[in-house]
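> any chance you can model this:
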Amino acid sequence: MSNGLYFHIPFCRSKCPYCDFYSVKYEKELAEKYTDRLIDEMKKYSGSFDTVYFGGGTPSILEPELIGKILSASREHLDIDRNAEITIECNPSKNLEGDFEKYADYGINRVSIGMQSARNKERFALGRSAGQAQVAKAVADAKKAGITNISLDIMLGTPYQTLDSLDETFEFTDKMNVTHISAYMLKIEEGTKFFEMKDRLALPDEDTVCEMYLKTVQSLKSLGFNQYEISNFSKPGFESRHNLKYWLLEEYLGIGASAHSFWQGKRFFYDSDFNPVSDGDGGSNEERIMLGLRLNRGISKDLVKKDYSPFVKMGLLWEADNNIGLTVKGMLLSNTVIGALI
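Residues are numbered from 1 along each chain as shown. Reported below is the predicted structural model:
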């Protein structure tokens, strides 16, 4: 079986007020040193991979040649499938036209663009400097470079967002003609700027956020996107092959500061100083339930030893043949349902 390969690129121009991922301010020299360290670390491993994913931070902040250097070293030292899905996350505030052409030359065939909202007021409140026009340009430039497998991020429950403004985002999404959408609810995490400001943020209330989620599922379905995971939607055949590995408990190797791995049955991660830290065994029954229930396909009933019938009666779980899974309503309460079953 082929595995997933993940590279964490921790650099950003500035920290978004909602972000609690590990990131540092971009400096060219620091980025070059980090790239070399990443490659040296990668050489310690061997294996076959059919997905490669550059996440962050903001991977597209790097000079494209550094991305090319990492991919070239990966192909030299690891077995990268010639038909691998290779994804890079991009921030549309940078003019990516030339970068996309180079990415395509390096074999990158999928891009994930941080849109969050099609309404500029909502994007700017999230600390994003690019407006709707720059998102549209990034999508067009990717297609022009021959990269047509494009994912857009949408955030739900953000400052100034309303059910009506969400419609604008879906209309814009439809015009963009992309293959994949990731739609995440905003979580106010400790240690972020939003956490400090939480009492002053113009956020929709909890009931409205739940309505936004249900509306997102329905609206994206009407635009031809199938929901395949709690937060992920795709046109048929365009599910993220890399991210599916996480939920299906297939193995993946994460390289870089704060990158996590499930590798050879073990879980480990790199701390912010790039030191590997053991995180115990992976692949338990609890993990299979917890991760598998995030997927629309659900899980085998045989995995669950507790009585799940009350959740079926409440309309939070569906049951078919030998499988159970979360309903859309159940996905809003996924932590509660999953917590009760493991």
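
> G298 against T327, yeah?
No - assessed by C-beta atoms under 8 Å, G298 is found out of contact with T327, at 10.1 Å. All C-beta spots, glycine's among them, are computed from the backbone N, C-alpha and C.

> okay, and the common contacts of the two?
Jointly contacting G298 and T327 under the rule C-beta atoms under 8 Å, 6 or more residues apart in numbering are W318.

> where along this protein do the helices fall?
28-42, 64-77, 97-106, 120-125, 132-144, 163-176, 193-197, 206-222, 241-247, 285-292, 309-313, 328-332, 334-341 (DSSP state H).

> nearest to D321, out of those?
The closest of those to D321 is helix 309-313. By C-beta to C-beta, the value is 13.7 Å.

> for that closest one, what is the distance to the chain centroid?
Its chain's average C-alpha position is 30 Å from that of helix 309-313, according to C-alpha atoms, centre = their mean, to the nearest Å.

> ok, E101 - contacts?
Taking C-beta under 8 Å, 6+ apart, one finds A145 in contact with E101.

> got it, and the one 10 residues further on?
Contact criterion C-beta under 8 Å, 6+ apart gives 87-90, 100, 103, 142, 147, 149-151 as the residues in contact with V111.

> with pLDDT and distance to Q116 added, can I get these in JSON lines?
Output for the contacts of V111, formatted as JSON lines (pLDDT from 0 to 100; distance: C-beta to C-beta, whole Å):
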{"residue": "T87", "pLDDT": "98", "distance to Q116": "18"}
{"residue": "I88", "pLDDT": "98", "distance to Q116": "18"}
{"residue": "E89", "pLDDT": "97", "distance to Q116": "13"}
{"residue": "C90", "pLDDT": "96", "distance to Q116": "13"}
{"residue": "F100", "pLDDT": "98", "distance to Q116": "20"}
{"residue": "Y103", "pLDDT": "98", "distance to Q116": "22"}
{"residue": "A142", "pLDDT": "98", "distance to Q116": "17"}
{"residue": "I147", "pLDDT": "98", "distance to Q116": "20"}
{"residue": "N149", "pLDDT": "98", "distance to Q116": "20"}
{"residue": "I150", "pLDDT": "98", "distance to Q116": "15"}
{"residue": "S151", "pLDDT": "98", "distance to Q116": "13"}
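
> nearest to L293 among those?
Comparing the contacts of V111 against L293 with C-beta to C-beta picks out S151 as the nearest, at 22.5 Å.

> I figured that closest one hits M176, correct?
No - assessed by C-beta under 8 Å, S151 is found out of contact with M176, at 10.7 Å.

> who has more neighbours, those two?
Higher neighbour count among S151 and M176: S151, with 24 against 19, using other C-beta atoms under 10 Å.

> how about the more buried one, nearest residue that isn't a chain neighbour?
In space, and not counting its chain neighbours, S151 is closest to H180: 3.7 Å by C-beta to C-beta, 6 or more residues apart in numbering.

> max-length strand in this structure?
Across the chain, the longest stretch assigned as strand under DSSP state E is strand 79-90.

> Y106: neighbour count?
Y106: 18 surrounding residues under other C-beta under 10 Å.

> for it, list the residues it contacts.
So Y106 contacts 64, 67-68, 71-72, 86 (C-beta under 8 Å, 6+ apart).

> which of the residues you listed are buried?
Buried members of those, scored by 16 or more other C-beta atoms under 10 Å, are 64, 67-68, 71, 86.

> for stretch 102-112, buried residues please.
Within stretch 102-112, the residues that qualify as buried are 102-104, 106, 108-112, counting by 16+ other C-beta under 10 Å.

> next one: stretch 114-123
114-119, 122-123.

> distance to Y252 and pLDDT added to those residues, as JSON lines?
JSON lines is the format used below for these (distance: C-beta to C-beta, whole Å; pLDDT from 0 to 100):
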{"residue": "G114", "distance to Y252": "22", "pLDDT": "91"}
{"residue": "M115", "distance to Y252": "25", "pLDDT": "93"}
{"residue": "Q116", "distance to Y252": "26", "pLDDT": "90"}
{"residue": "S117", "distance to Y252": "30", "pLDDT": "90"}
{"residue": "A118", "distance to Y252": "32", "pLDDT": "91"}
{"residue": "R119", "distance to Y252": "35", "pLDDT": "91"}
{"residue": "E122", "distance to Y252": "33", "pLDDT": "86"}
{"residue": "R123", "distance to Y252": "31", "pLDDT": "80"}
